[in-house]
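Novice: with the sequence up front, the predicted model follows.
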Amino acid sequence: MKSGGLHGCSIGRIGPYPLYMESFESLLENKEVSDEIMDALFHLFSRKRPDVLVINNHTLTQILNGTARARSCYFTKKNIFENKTEVVGPYLEDGNHWTFFHCSIVDRTVTYLNSLGDTEQRYNKIAENWSKFAASKGYQGPWQRATRKHCLQYDSISCGVFTAVFAEAILEGTKGYLACSPVQQERERLGWFIFRSLDKSGICGICHNTVPRKNKASDTNDTFNILN
């Protein structure tokens, strides 16, 4: 899995997700984006959308892979969709490729975006597994496909960046073609977005000591500069 080092230097948290120096390196450098960065970004994108349910990558991957555990009554709470109109999440395909998943609970539609190119066969399998999971929670189909035209990646490591850009645009209500700025530009933009949103824990990301609240901003800037 694309995970940052769990024993590295702790930077802080975004919601329930702890982030590490290695996590940010995976985003800011020319690397595969880590699990915790993807979950943190989806969490941030949905902050102003209480009607949106974000499913973390580990849980969503089990659901869309159609594992028996995903359909167990103990896997997630029964009323997981209560008061929600949409569901989104990052899907880690085959353990090494990020894709975007979205569904409308209201319209019963599913959107699957793959920055290497969408295929009917892959979508059908995902829709089938999602339908089984939703039915186990009392939400019957049929689920229809909703398509969006989008840009493609031309390397082997930027799928996480494209998936995050797609998620941000769709949750903001962007219509039409989904474009992505130059990848390194997006990496830096998303990196700053996460840094500015880090929980104010009062812990310095450089020395791990408690610092006065007034110094938090400079600590964040220093940490970002170290990674560049």
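Specialist: That came through fine. Residues are numbered from 1 along each chain as shown.
Novice: quick one: least confident helix or strand in this protein?
Specialist: Lowest on mean pLDDT, DSSP states H and E among the helices and strands of the chain sits helix 216-226, with a mean of 48.
Novice: what are the buried residues along stretch 97-108?
Specialist: Buried residues in stretch 97-108, counted by 16 or more other Cβ atoms under 10 Å: H97, W98, T99, F100, F101, H102, C103, I105, R108. C-beta here means a position set from N, CA and C on the backbone, and glycine is covered the same way.
Novice: ugh, typo on my part, it should be stretch 64-71
Specialist: Within stretch 64-71, the residues that qualify as buried are L64, N65, A70, R71, counting by 16+ other Cβ under 10 Å.
Novice: which one among these sits at the bottom for pLDDT?
Specialist: Within the set of the buried residues of stretch 64-71, pLDDT is lowest for R71 (77).
Novice: show me how far the helix or strand W130 falls within is from its chain's centre.
Specialist: W130 belongs to helix 120-136 when assigned by DSSP states H and E. Mean C-alpha position of helix 120-136 versus that of the full chain (Cα atoms, centre = their mean, to the nearest Å) differs by 19 Å.
Novice: what's next to that helix, contact-wise?
Specialist: Here helix 120-136 makes contact (Cβ atoms under 8 Å, 6 or more residues apart in numbering) with 63-66, 70-71, 73, 81, 91, 101, 103, 110, 112, 114, 140-143, 145.
Novice: state the mean pLDDT of stretch 178-187.
Specialist: The average pLDDT for stretch 178-187 rounds to 97.
Novice: report the buried residues of that stretch.
Specialist: Within stretch 178-187, the residues scored as buried using 16+ other Cβ under 10 Å are L178, C180, V183, E186, R187.
Novice: turn these into JSON lines, including secondary structure.
Specialist: Below are the buried residues of stretch 178-187 laid out as JSON lines (DSSP: H, G, I helix; E, B strand; the rest coil):
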{"residue": "L178", "secondary structure": "strand"}
{"residue": "C180", "secondary structure": "coil"}
{"residue": "V183", "secondary structure": "helix"}
{"residue": "E186", "secondary structure": "helix"}
{"residue": "R187", "secondary structure": "helix"}
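Novice: export those to a markdown table and tack on distance to M38?
Specialist: Below are the buried residues of stretch 178-187 laid out as a markdown table (distance: Cβ to Cβ, whole Å):
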| residue | distance to M38 |
| --- | --- |
| L178 | 17 |
| C180 | 15 |
| V183 | 15 |
| E186 | 14 |
| R187 | 13 |
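Novice: re earlier: CA atoms only: put the helix holding W130 into PDB for me.
Specialist: Taking Å, rounded to 0.1, in the frame of the first residue of the first chain, the C-alpha atoms of helix 120-136 are listed here in PDB:
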ATOM      1  CA  GLU A 120     -16.700  -0.300 -19.000                       C
ATOM      2  CA  GLN A 121     -15.500  -3.600 -17.700                       C
ATOM      3  CA  ARG A 122     -13.900  -2.100 -14.600                       C
ATOM      4  CA  TYR A 123     -16.900   0.200 -14.000                       C
ATOM      5  CA  ASN A 124     -19.400  -2.700 -14.200                       C
ATOM      6  CA  LYS A 125     -17.500  -4.600 -11.500                       C
ATOM      7  CA  ILE A 126     -17.300  -1.600  -9.200                       C
ATOM      8  CA  ALA A 127     -21.000  -0.900  -9.700                       C
ATOM      9  CA  GLU A 128     -21.900  -4.500  -9.000                       C
ATOM     10  CA  ASN A 129     -19.900  -4.500  -5.700                       C
ATOM     11  CA  TRP A 130     -21.200  -1.100  -4.600                       C
ATOM     12  CA  SER A 131     -24.800  -2.300  -5.300                       C
ATOM     13  CA  LYS A 132     -24.300  -5.300  -3.100                       C
ATOM     14  CA  PHE A 133     -22.900  -3.200  -0.300                       C
ATOM     15  CA  ALA A 134     -25.600  -0.500  -0.500                       C
ATOM     16  CA  ALA A 135     -28.300  -3.200  -0.500                       C
ATOM     17  CA  SER A 136     -26.800  -4.700   2.700                       C
END
